[in-house]
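1. got a sequence here, can you build the structure:
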Amino acid sequence: MATKRITFPGHDGSMLSARLDMPDGPHLATALFAHCFTCGKDIPAARRISARLAGMGIAVLRFDFTGLGHSEGEFSNTSFTSNVDDLLAACRYLDAEGLPPSLLIGHSLGGAAVLKAASRLDQIKAVATLGAPFDPGHVTHNFADALPEIMAKGVAQVSLGGRPFKIGKSFIEDVSQEVLAPAIGALKAALLVLHAPTDNIVGVDNASQIFMAAKHPKSFVTLDDADHLITCASDAEYAADVIVTWAARYLSLTPPAPPPGAPEGIVRVSEADAAGFLQDVNSGPNHHALADEPLAYGGTNRGMSPYGYLSAGLGACTSMTIRMYARRKGWPLDHVSVDVCHDKVHAQDAETGSGDKIDTWRRRIKLTGDLDTDQRQRLLEIADKCPVHRTLERSSEVLTELIDPA
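-> Next up is the predicted model:
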């Protein structure tokens with residue numbers, strides 16, 4: 001996933017700070033993510049969900065609303081209406097960049113904002129909310145004790161999540177007068193409501209009200225015991241998986257079609273571009289990838305090189321073998337990553353007594369978890385027992401035959 005840092009003008013001309021998470025592979029659709037009240041584009045839930053969506057081919061723009069995070073402007077001068085206008089400004093930016101959004105995702109008050117904004121955007125095909133309030137005015141319960149001072153003085157400082165914020169009277173009046181039911185009822189996009197029954201910030205009854213106010217197509221999925229901020233990585237990844245699976249019914253998420261699949265158990269490689277080196281790689285009927293050479297070698301760099309695939313096979317097999325052993329032993333291994341590089345060295349450098357060159361793969365293995373020294377050493381030894389490692393170390397035989405074209 002490639003992340004671009006960008007800025008664009010918000011509702012009042014203030015420059016809003018944003019990140020655009022782009023897929024590494026084909027770009028299938030664009031989504032716009034609206035964060036929760038007084039949060040920001042970089043909270044764990046936003047980062048994790050955006051990364052998961054990008055991994056599935058959906059570009060995601062997430063930004064800080066006016067006066068929050070790294071965005072310009074005064075938060076005390078903002079309102080629910082200005083949040084909606086910031087969302088519309090983000091859509092205009094994406095349109096101008098040739099990345100028109102078709103999916104809106106909103107978290108908490110951001111969910112209420114995307115429901116309101118979607119009714120003014122004909123291009124939106126799907127809307128997903130996470131822990132969203134049916135009544136935007138619900139947010140004021142977070143600083144109920146300060147409401148008299150805000151209404152009397154026009155602005156007051158409150159503490160939210162341990163951070164100070166200035167809340168203005170205009171925000172209170174605006175959010176209290178907002179009624180979402182008409183906008184939800186007029187929604188021309190499919191709606192997905194995600195909410196945790198145990199959410200103690202925005203009760204699950206809000207999800208029921210949003211769902212009942214919407215017309216079909218609409219879906220409701222529980223987030224089980226997730227907290228309101230969706231701080232657990234597994235909850236965020238589950239939400240992202242659900243959003244993509246659901247959205248696929250309403251968005252065009254089909255990547256460019258690969259050539260007809262090879263039979264099960266066969267890896268078929270065929271030229272995709274005879275003018276260069278690009279290759280279609282089909283592993284059986286279900287898995288397609290591209291192989292290529294770098295620009296420096298006359299390729300177009302649209303896929304891994306042949307040696308890159310060999311390195312990937314070694315790295316994947318190493319990681320899987322380590323995980324299999326740690327799982328069987330019940331060891332606290334949280335994560336495995338394997339860096340692999342390939343080179344050719346003179347055999348004499350490898351102490352074989354020959355002047356010929358041989359292939360050398362170097363692995364750097366990172367094990368994360370509460371493992372002791374003996375466990376780490378044992379897992380390092382297990383890495384050398386992975387099947388691909390053993391295949392590369394042994395001499396192999398390649399049998400080739402020429403077949404007539406059909």
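2. need the contact list for Val60.
-> 20-21, 30-33, 49-50, 53-54, 105 (Cβ atoms under 8 Å, 6 or more residues apart in numbering). Where C-beta positions appear, they are placed from N, C-alpha and C, glycine not excepted.
3. who wins for neighbours among those?
-> Ile105 (31 neighbours; other Cβ atoms under 10 Å).
4. for Asp241, see how far away that residue is.
-> From Ile105 across to Asp241, the span is 13 Å (Cβ to Cβ, to the nearest Å).
5. ok, now Tyr309?
-> For Tyr309, the distance to Asp241 - Cβ to Cβ - is 27 Å.
6. does the residue nearest the centre of the chain belong to a helix or a strand, and which?
-> Geometric centre of the chain, nearest residue: Ala51, 2.1 Å, by Cα atoms, centre = their mean. Assigned by DSSP states H and E, Ala51 belongs to helix 44-55.
7. for whichever helix or strand comes after that helix, which strands pair with it and how are they oriented?
-> Per DSSP H and E, the first helix or strand lying C-terminal to helix 44-55 is strand 58-63. Strand 58-63 pairs in its sheet with strand 15-22 (antiparallel), strand 29-34 (parallel), by DSSP bridges.
8. dump the ones you listed into a markdown table; add distance to Leu379 and mean pLDDT as well.
-> Formatted as a markdown table, the strands paired with strand 58-63 follow (distance: least, Cβ to Cβ, whole Å; pLDDT from 0 to 100):
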| stretch | distance to Leu379 | mean pLDDT |
| --- | --- | --- |
| strand 15-22 | 32 | 94 |
| strand 29-34 | 37 | 94 |
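9. turn those into TSV, columns for distance to His342.
-> Below are those laid out as TSV (distance: least, Cβ to Cβ, whole Å):
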stretch	distance to His342
strand 15-22	28
strand 29-34	35
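10. please enumerate the helices of the stretch 301-406 of the chain.
-> Assigned by DSSP state H, counting those that start in this stretch, the stretch 301-406 of the chain shows helices spanning 306-329, 373-383, 387-393.
11. who's in contact with the last one?
-> Same thing as helix 387-393. Here helix 387-393 has contacts from 310, 313-314, 316-318, 321, 359, 361, 383, using Cβ under 8 Å, 6+ apart.
12. surely Asn282 and Ala272 touch.
-> No - in this structure, Asn282 is not within contact of Ala272 by Cβ atoms under 8 Å, at 11.1 Å.
13. mean confidence for stretch 110-117?
-> Throughout stretch 110-117, pLDDT has a mean value of 91.
14. kindly format the C-alpha coordinates of that stretch as CSV.
-> C-alpha atoms of stretch 110-117 as CSV (Å, rounded to 0.1, in the frame of the first residue of the first chain):
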residue,chain,number,x,y,z
GLY,A,110,-18.5,10.8,11.0
GLY,A,111,-21.1,8.1,10.2
ALA,A,112,-23.9,10.6,10.7
ALA,A,113,-22.1,13.1,8.4
VAL,A,114,-21.7,10.6,5.6
LEU,A,115,-25.4,9.7,5.8
LYS,A,116,-26.2,13.4,5.4
ALA,A,117,-23.6,14.0,2.6
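15. any low-confidence regions in this structure?
-> 1, 160-162, 255-261, 273-275, 345-357, 405-406 (pLDDT under 70).
16. can you pull out the helices in the stretch 101-250 of the chain?
-> 109-118, 147-153, 169-177, 181-185, 205-213, 233-247.
17. what packs against the first one?
-> Spelled out, that is helix 109-118. Here helix 109-118 touches strand 29-34, helix 80-96, strand 103-107, strand 126-130, helix 181-185, going by 3 or more Cβ pairs under 8 Å, 6 or more residues apart in numbering; DSSP states H and E.
18. can you redo those as TSV with distance to Ala146?
-> TSV is the format used below for those (distance: least, Cβ to Cβ, whole Å):
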stretch	distance to Ala146
strand 29-34	24
helix 80-96	18
strand 103-107	23
strand 126-130	26
helix 181-185	28
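19. so which of those is nearest Ile365?
-> strand 29-34 (34.2 Å; Cβ to Cβ).
20. can you give the contact residues for the closest one?
-> 41, 46, 49-50, 53, 57-62, 65, 83, 87, 90-91, 94, 99-107, 110-111, 113-114, 247, 251-253.
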